[in-house]
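[1] structure, please.
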Amino acid sequence: MVSQEQRRRQLAREKFLRQQQRRTQARRKSRIRNSVIASALGVVLIGSLALYTTGAFESDGDKANASAEVTPSAEATSKAPDPCEKPAAGEVASKTWKKEPAISIDESATYTMTLETTCGTIDMALKASAAPHTVNSFGFLADKGYFDHSKCHRLTTNGIYVLQCGDPTGTGTGGPGYTIPDENLKDESLKDNTYPAGTVAMANTGQKDSGGSQFFLVYEDSPLPPSYTPFGTVSEGGMKVLKKIAAAGDSTGAGDGAPNATVVIDKATVTES
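    Prediction:
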């Protein structure tokens, strides 16, 4: 027969074992959560050296038409105030084309692309002679209103420092229906596997000649292999706009997600001067 004291000790032991089990489970969940976070950050860093999640600028959608990874959809852990204005009225483009437009630009001329965004105007000088296919494609798409009313869907603030735009779907998987060849990968500005602040470059799927319409704007020197066509340079005023957007952070709080700032391209134009 079990005495009252023995029963009390048995109950105490069972309670202790339950507590230990709960603590073990909690530690296991914490390790899994930390592992997931570490993996997410690892993707950014690996992407910055090998690149856009299996490459820092790859797509997991239709790779014939897409040129960047899907923006993570994790909930924001903290959100800075939105420094930008409301978008202009209008709808994003839905039209696509079966093949790259014929080159119609003057490769010896000077071209400028202007993005009138909700956060301010971003001007960039384009490298027509070094990247004629890319500059010609952007001129064609801008003339068609392809970029108008589209969101800049990705901001990376950890490992690499870029704002990514050019997808009317806002998902990171959209494209114009055609691809353009890689160009200017030996640009003298790309030293030591670094894309310097102010660079405008094409996103791609990680495969050769897979660029479409998505591009990224580098607001701080970023370690990347020379695999992404550099085709422009952001003006000083444009860099201030990019810094403002970056300061507001991203939606995940982990350094890679949709920008907290409402970055919408109200109007994109490419002009010859």
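
[2] this structure: helices as residue ranges?
    Per DSSP state H, the chain carries helices over the ranges 4-50, 132-143, 236-247.

[3] determine how far whichever strand in the chain runs longest lies from the middle of the whole chain.
    As assigned by DSSP state E, the longest strand anywhere in the chain is strand 264-272. Here strand 264-272 shows a centroid-to-chain-centroid distance of 19 Å under the convention CA atoms, centre = their mean, to the nearest Å.

[4] give me the helices and strands touching it, please.
    strand 111-117, helix 132-143, strand 150-151 (3 or more CB pairs under 8 Å, 6 or more residues apart in numbering; DSSP states H and E). Placement of C-beta: from N, CA and C, glycine included.

[5] that strand pairs with which strands?
    Next to strand 264-272 in the sheet, as set by DSSP bridges, lie strand 111-117 (antiparallel), strand 150-151 (antiparallel).

[6] how about stretch 243-257: buried residues?
    Buried positions in stretch 243-257, judged by neighbour count with 16 or more other CB atoms under 10 Å: 244-246, 248-257.

[7] which two in those are spaced the farthest apart?
    Among the buried residues of stretch 243-257, the pair separated by the greatest distance (CB to CB) is 244 and 254, at 20.7 Å.

[8] the closest residue to residue 111 other than its chain neighbours and residue 177, how far apart?
    Nearest residue to residue 111, sequence neighbours excluded (CB to CB, 6 or more residues apart in numbering): residue 126, at 4.2 Å. Separation of residue 126 from residue 177 (CB to CB, to the nearest Å) stands at 22 Å.

[9] what's the neighbour count on the closest residue to residue 244 other than its chain neighbours?
    Leaving aside its sequence neighbours, residue 244 sits nearest to residue 83 (CB to CB, 6+ apart; 5.3 Å). By other CB atoms under 10 Å, the residues close to residue 83 number 17.

[10] contacts only, for residue 83.
    Contact analysis of residue 83 by CB atoms under 8 Å, 6 or more residues apart in numbering lists 119, 244, 245, 247, 248, 261.

[11] next, count neighbours for residue 261.
    Neighbours around residue 261, by other CB under 10 Å: 25.

[12] residues contacting it?
    If you count contacts by CB under 8 Å, 6+ apart, then residue 261 has 82, 83, 84, 119, 155, 244, 245, 248 around it.

[13] for it, grab phi and psi.
    Residue 261 adopts backbone torsions of phi -70, psi 140, taken as degrees, to the nearest 10.

[14] and for residue 177?
    According to degrees, to the nearest 10, residue 177 has phi 100, psi -10.

[15] in space, what's closest to the most centrally placed residue in the chain - neighbours in sequence excluded?
    With distances taken as CA atoms, centre = their mean, residue 154 lies nearest the centre of the chain, 3.4 Å away. Nearest residue to residue 154, sequence neighbours excluded (CB to CB, 6+ apart): residue 164, at 3.9 Å.
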